[in-house]
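[1] I would like the atomic coordinates for the input below:
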Amino acid sequence: MPLTTRTSVNVVAVLILVAAFLLFQVHYPPPAPPAPPHSGTFINASIAAQNSHVCVYRNVTTGWAAQSKWTPKWLSTHIPVLKDVVVLHHSHKYVYQEPSKTIQPASNTTNGTETRYMKTTAFFSKCKATQEKNHIWHSSSLSHRPSSSSAVVVENDVKPIERFVVNNQLLSVNSWMGCQNVTTSLHRDFSHNVFVQLHGRKEFLLIDASVALPMHPYTAFNYLHPLHDDAKHFQRGTTVAVKRIVLDPGDVLYLPPLTYHQVRAVDPVSISINVWSKSMEDHAMDHITYQIPLPFEHEWTSSIHRVFGCLLYLSKVLSKHGGLKQWHTNRWSRLPTANRALDYQLHSVFVRFEQSLQQGAAMSFDEFKFQQRSLKILAYMQSTMGHKPMQYQAQLLWNFADEAITFSCRDCPEEYSNDELETIIGVFVGMYVLR
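    Alright, predicted model coming up:
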């Protein structure tokens, strides 16, 4: 075959292969790369929340006076004193603490915390003092509900607020100020969270809500922040994907409910505002916690009786979601006392537990009522959260179980010393689960 003919055949063959490849691409396009955590122009929070994904929006013009005015100099001039400044003496990490909370997690992230009044100039000066490591932060509510109205009144500097509220369900607006490296412990919230960075930068480490990390329970009657030690730990593994997002001034971040987040101030001074909006998860937790009463009896006069009855009840509530064992493993088994060997100091506590268990076993528990009440909870969860994976629903019910146990132990501080309090929940639940 002549050379020119052979060349023509080769060219035709190449053209046929190219055409076949293009045709294949049309019918079987390659999978799209993972979408980055942003969605272009910020229109409003309701649109951002539609797909339940983390979204980052850059260089957003909020229309708030705070976006241009709120600098350390302006705040020092117009707000001379900050109340409830949190000073961290031994760590740069903090959790949300309130003395009225019934149960606190046993965690080394809470050591050396002090709250005080501080001049605003002193606050920012300490943050900017590079020769020292000053780990201080301050948060303040920028909204409130008048007693005669259900409407939320918002400070003028963060108006108009409607664009940053999901589905007109505003819960609260808050300011956050902190020094470099001040870090929240990894936690999650039930509400939609829209976070606006005003001054300095902030780093977010994020883990998807579908993941069930082992958490410390941090509960009260209407408050819950499950906490983990450190999000960075998971960057060393391969099983949990951690997103890292840094917000510059003018950036807006939308976090769906139950997204794990750990937040760190990157620059010497960080000033931010966040807007919480009520979510379907909020409504679900409100309903099963406050509209479906716990099946407690008036004759249950001691905390230990209520805790024992509550565990029987929760065993039915959690029956389709891993039972007590999975809840205990995910939440309470992380408390040091749940795995701590018995020592002399705790021996008397266990003696009292055994005595109370004997009394509790002699009591009559209406398991039929437990069953009927648990079916109401499961039916409601299915009707409102049935579109979510079972694991997601389980996490909501674990949160409910934390609050139910907290309520059942509401008199524990009167019946037991502070040193014994975490033992009541950690070890007693462990004893029950292992039986």
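[2] Low-confidence stretches in the chain?
    Counting by pLDDT under 70, the chain contains low-confidence ranges at 1-39, 90-112, 131-132, 148-150, 216-238, 332-364, 411-435.
[3] Do a quick rundown of the helices in it.
    3-27, 45-48, 65-69, 72-78, 120-128, 280-286, 303-317, 323-330, 336-339, 344-362, 367-385, 390-408, 412-415, 418-434 (DSSP state H).
[4] Could you double-check that residue 391 sits in contact with residue 208?
    No: between residue 391 and residue 208 there is no contact, the gap being 11.3 Å when judged by CB atoms under 8 Å. C-beta coordinates here come from the backbone N, C-alpha and C atoms, glycine included.
[5] Identify each buried residue in stretch 142-152, please.
    142, 143 (16 or more other CB atoms under 10 Å).
[6] what residues are up against the residue lying closest to residue 116 once chain neighbours are set aside?
    Nearest residue to residue 116 in three dimensions, chain neighbours excluded: residue 85, at 5.7 Å (CB to CB, 6 or more residues apart in numbering). Shown here is residue 85, whose contacts under the criterion CB atoms under 8 Å, 6 or more residues apart in numbering are 115, 116, 117, 118, 123, 136, 137, 138.
[7] With residue 76 instead?
    Applying CB under 8 Å, 6+ apart as the definition, the contact partners of residue 76 turn out to be 120, 121, 124.
[8] From residue 113, how far off is the first one?
    Meaning residue 120. Here the distance between residue 120 and residue 113 works out to 20 Å (CB to CB, to the nearest Å).
[9] The two: who's more crowded?
    residue 120 (20 against 16; other CB atoms under 10 Å).
[10] who are the neighbours in contact with that one?
    Contacts of residue 120 by CB under 8 Å, 6+ apart are 75, 76, 79, 80, 81, 82.
[11] Using JSON lines, lay out those residues together with distance to residue 56.
    What follows is these, written out as JSON lines (distance: CB to CB, whole Å):
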{"residue": "75", "distance to residue 56": "26"}
{"residue": "76", "distance to residue 56": "30"}
{"residue": "79", "distance to residue 56": "29"}
{"residue": "80", "distance to residue 56": "35"}
{"residue": "81", "distance to residue 56": "34"}
{"residue": "82", "distance to residue 56": "29"}
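[12] Filter these down to the buried ones, PyMOL style.
    Written as a PyMOL command, the selection of buried residues from the contacts of residue 120, which uses 16+ other CB under 10 Å, is:
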select buried, resi 75+76+82
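[13] and stretch 310-328, how far apart are its ends?
    The first residue of stretch 310-328 is 14 Å away from its last residue (CA to CA, to the nearest Å).
[14] Next one: the residue nearest to residue 204 when sequence neighbours are not counted from residue 152, what distance?
    Ranked by CB to CB, 6+ apart and with sequence neighbours excluded, the top spatial neighbour of residue 204 is residue 245, at 4.6 Å. Taking CB to CB as the measure, residue 245 and residue 152 are separated by 28 Å.
[15] What of residue 64?
    In this structure, residue 64 and residue 152 are 16 Å apart, going by CB to CB.
[16] just so I have it, where are all the strands in the stretch 51-200 of the chain?
    Counting by DSSP state E, counting those that start in this stretch, the segments of the stretch 51-200 of the chain that form strands are 55-57, 81-88, 93-94, 113-119, 135-141, 143-144, 153-154, 170-179, 183-184, 186-187, 192-199.
[17] Using TSV, lay out those strands together with distance to residue 213.
    Output for those, formatted as TSV (distance: least, CB to CB, whole Å):
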stretch	distance to residue 213
strand 55-57	22
strand 81-88	23
strand 93-94	16
strand 113-119	24
strand 135-141	24
strand 143-144	30
strand 153-154	33
strand 170-179	23
strand 183-184	15
strand 186-187	8
strand 192-199	18
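[18] wait, which of the ones you listed is closest to residue 384?
    Proximity to residue 384, assessed across the strands of the stretch 51-200 of the chain by CB to CB, is greatest for strand 192-199 (16.0 Å).
[19] Show residues contacting that closest one.
    Outside strand 192-199, the residues that reach it (CB under 8 Å, 6+ apart) are 45, 48-49, 60, 62, 64, 66-67, 70-72, 164-166, 169, 204, 247-257, 259, 269-279.
[20] and the angle from it to strand 170-179?
    In terms of direction (axes from the mean of the first three to the mean of the last three CA atoms, to 10 degrees), strand 192-199 departs from strand 170-179 by 40 degrees.
[21] Measure how buried the residue nearest to residue 204 is and give me the count.
    For residue 245, using other CB under 10 Å, the count is 19.
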